[in-house]
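Novice: Here is a sequence with its predicted model. Questions after.
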Amino acid sequence: MEVRPLTPGEWQLKRDLRLSALKDSPHAFASTWARETKRGEADWRTWPAGGAFFAAFGPLPPSQPRVSPPPAAARHDPPDSRGVLPASGMPLGIAADRHDPSACVVPLGIAGAWVAAADPATTHLISMWVVPAARGRGIAAHLADAVTRWARDHGHDTVELELACGNTAAMNAYLRCGFTPADREPFTAGGTVLTRPAHAVIG
């Protein structure tokens, strides 16, 4: 598995993954699919401002069925050079052997690092999402480590995130990654604030 920050030139991939997350788990995020579809190219290239947006790449899980792209008449945009259908849900895989899913490398999850101007010593972990077929493989931990390394490398003390009420699976995943509940009141009613020292990288 490879976890790396997406470049501004990969803004379409960033967009598609973010929109896929919002469609799959609408109650896990503060934003909405309808709101995010209105972003333009310039906005996607620079989001999150002053931070980074990470993606985890790896082979499809053995049980993941191959999904053929919709017919051309059903698409609004052609796939880009990475085989991604813009704004159409899950990206297509890239494989030397299209008949062998194990050779197919696809995005498996995402997470962002964002810094608020009012708190420059804290990196906020945002937009964490793992594709449903890839959950339970430790991908969230790798993404959390990537954001934590970014925070440490930028001289920040703490990684912080907010978790929506009732998201028990995510809560358990973050606790396993070394996050602990914080005293600060969340911006979203009923949510939970979790923190982790920027030097604490597990993976």
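Specialist: Arrived safely.
Novice: drop to CA atoms for contacts and neighbour counts, all remaining ones
Specialist: Noted.
Novice: Gly50 - how many residues pack around it?
Specialist: 11 (other CA atoms under 10 Å).
Novice: One more: Thr188?
Specialist: Thr188 has 14 nearby residues by other CA under 10 Å.
Novice: separation between it and Glu162?
Specialist: 8 Å (CA to CA, to the nearest Å).
Novice: do the same with Trp150
Specialist: From Trp150 to Glu162 the distance is 18 Å (CA to CA).
Novice: Same check on Glu36?
Specialist: When distance is defined by CA to CA, Glu36 is 19 Å away from Glu162.
Novice: got it, and Arg184?
Specialist: From Arg184 to Glu162 the distance is 10 Å (CA to CA).
Novice: can you check Ala140 too?
Specialist: For Ala140 relative to Glu162 (CA to CA), the value is 15 Å.
Novice: returning to what we had before: between Trp150 and Glu162, which one's more packed in?
Specialist: Glu162 (23 against 19).
Novice: Packing partners of the one helix or strand the more buried one maps to?
Specialist: Following DSSP states H and E, one finds Glu162 within strand 158-163. Judged by 3 or more CA pairs under 8 Å, 6 or more residues apart in numbering; DSSP states H and E, the packing partners of strand 158-163 are strand 122-130, helix 139-153, strand 192-197.
Novice: which one of those lies closest to Cys177?
Specialist: helix 139-153 (5.9 Å; CA to CA).
Novice: ok so, going back, could you dump the helices and strands packed on strand 158-163 to JSON lines with distance to Gly58?
Specialist: Formatted as JSON lines, the helices and strands packed on strand 158-163 follow (distance: least, CA to CA, whole Å):
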{"stretch": "strand 122-130", "distance to Gly58": "12"}
{"stretch": "helix 139-153", "distance to Gly58": "10"}
{"stretch": "strand 192-197", "distance to Gly58": "26"}
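Novice: any idea which helix or strand comes after the lowest-mean-pLDDT helix or strand in the chain?
Specialist: Between all helices and strands in the chain, the lowest mean by mean pLDDT, DSSP states H and E belongs to strand 94-95, at a mean of 42. Heading C-terminal from strand 94-95, the first helix or strand you meet, by DSSP H and E, is strand 104-114.
Novice: quick check: angle from that next one to strand 158-163?
Specialist: 110 degrees (axes from the mean of the first three to the mean of the last three CA atoms, to 10 degrees).
Novice: how far is strand 104-114 from where the chain is centred?
Specialist: Distance of strand 104-114 from the chain centroid (CA atoms, centre = their mean, to the nearest Å) equals 5 Å.
Novice: Then stretch 140-157?
Specialist: With CA atoms, centre = their mean, you get 14 Å for stretch 140-157.
Novice: Adding mean pLDDT and distance to Pro48 as columns, could you present the helices and strands packed on strand 158-163 in CSV?
Specialist: Output for those, formatted as CSV (pLDDT from 0 to 100; distance: least, CA to CA, whole Å):
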stretch, mean pLDDT, distance to Pro48
strand 122-130, 97, 9
helix 139-153, 96, 13
strand 192-197, 95, 19
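Novice: All good on my end, thank you.
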